[in-house]
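>>> pasted the sequence and its predicted model underneath.
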Amino acid sequence: MSRVVFIFGVLVAWAASALTLQQLSLDQMTQSATAIVRARVVGTSTSFTGSTIYTHYKLQATETWKGAAPAEVMLPGGIANGYRQSIPGVPALTVGTEYVLFLWTSSQTGITHLLGMSQGLFYLNAQSDGTTLATRPLVGELMLDANGRRVADQAINMNLTDLRTRVGQTAARPGSVVNRGTVK
């Protein structure tokens with residue numbers, strides 16, 4: 001019974017905080033991110049950090065557009081030691097799939113998160129003409145602007161080359177650290 005109460009309490013706390021997101025533009029995400037990488041998920045594991053279960057996604061970076069490529073990203077939720085936590089607004093990544101990830105590493109915990117929950121996750125889809133489309137679908141959670149007003153989310157679909165160029169231009173502005181590392 002205490003196990004159920006514990007899980008319920010954690011879920012209620014997370015649900016209350018995860019249901020409302022501040023809408024971030026592509027430029028805001030670029031400026032705020034500590035790292036932006038194109039990476040493939042090569043493994044997963046889960047663990048407890050305090051009372052929160054995190055799913056650890058091991059990353060293999062193929063390009064680093066800003067900052068240093070982290071070895072993993074941790075997203076709240078998952079199954080660990082017989083407990084399950086589901087957090088609204090948190091996407092699940094798939095092993096073997098490549099993404100563009102806008103990441104933020106906490107200076108207090110050292111944990112690397114997706115920036116803006118699913119706002120910082122772009123799916124990559126090869127097109128028949130040989131290009132790659134980067135897609136950030138609509139976020140299903142309530143979104144507010146910087147003034148606290150409700151706003152409608154908009155999906156983002158752009159050619160990967162255009163996304164890379166836009167991120168590079170925005171990241172090069174003052175106040176943003178860029179790593180012009182080798183593209184693999």
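Received, thanks.
>>> from Asn81, how far off is the residue nearest to the spatial centre of the chain?
In the chain, the C-alpha nearest the mean C-alpha coordinate belongs to Leu114, at 2.4 Å (Cα atoms, centre = their mean). As judged by Cβ to Cβ, to the nearest Å, Leu114 and Asn81 stand 24 Å apart. (Each C-beta comes from the backbone N, C-alpha and C, glycine too.)
>>> what's near enough to touch the closest residue to the residue nearest to the centre of the chain other than its chain neighbours?
For Leu114, ignoring the flanking residues on the chain, the nearest one in space by Cβ to Cβ, 6 or more residues apart in numbering is Gly120 at 4.2 Å. Taking Cβ atoms under 8 Å, 6 or more residues apart in numbering, we find Gly120 in contact with 29, 33, 101-104, 114.
>>> could you rerun that using 6 Å?
29, 102, 114 (Cβ atoms under 6 Å, 6 or more residues apart in numbering).
>>> pretty sure the second one sits against Leu115.
The one in question is Phe102. Yes - Phe102 is in contact with Leu115 according to Cβ atoms under 6 Å; the separation is 4.3 Å.
>>> in which helix or strand would I find Tyr123?
strand 121-126 (DSSP states H and E).
>>> quick check: the spatially closest residue to Asn159 that is not a sequence neighbour vs Val37, distance?
Distances taken as Cβ to Cβ, 6+ apart place Thr131 nearest to Asn159, at 5.6 Å, with adjacent residues excluded. In this view, Thr131 and Val37 are 20 Å apart by Cβ to Cβ.
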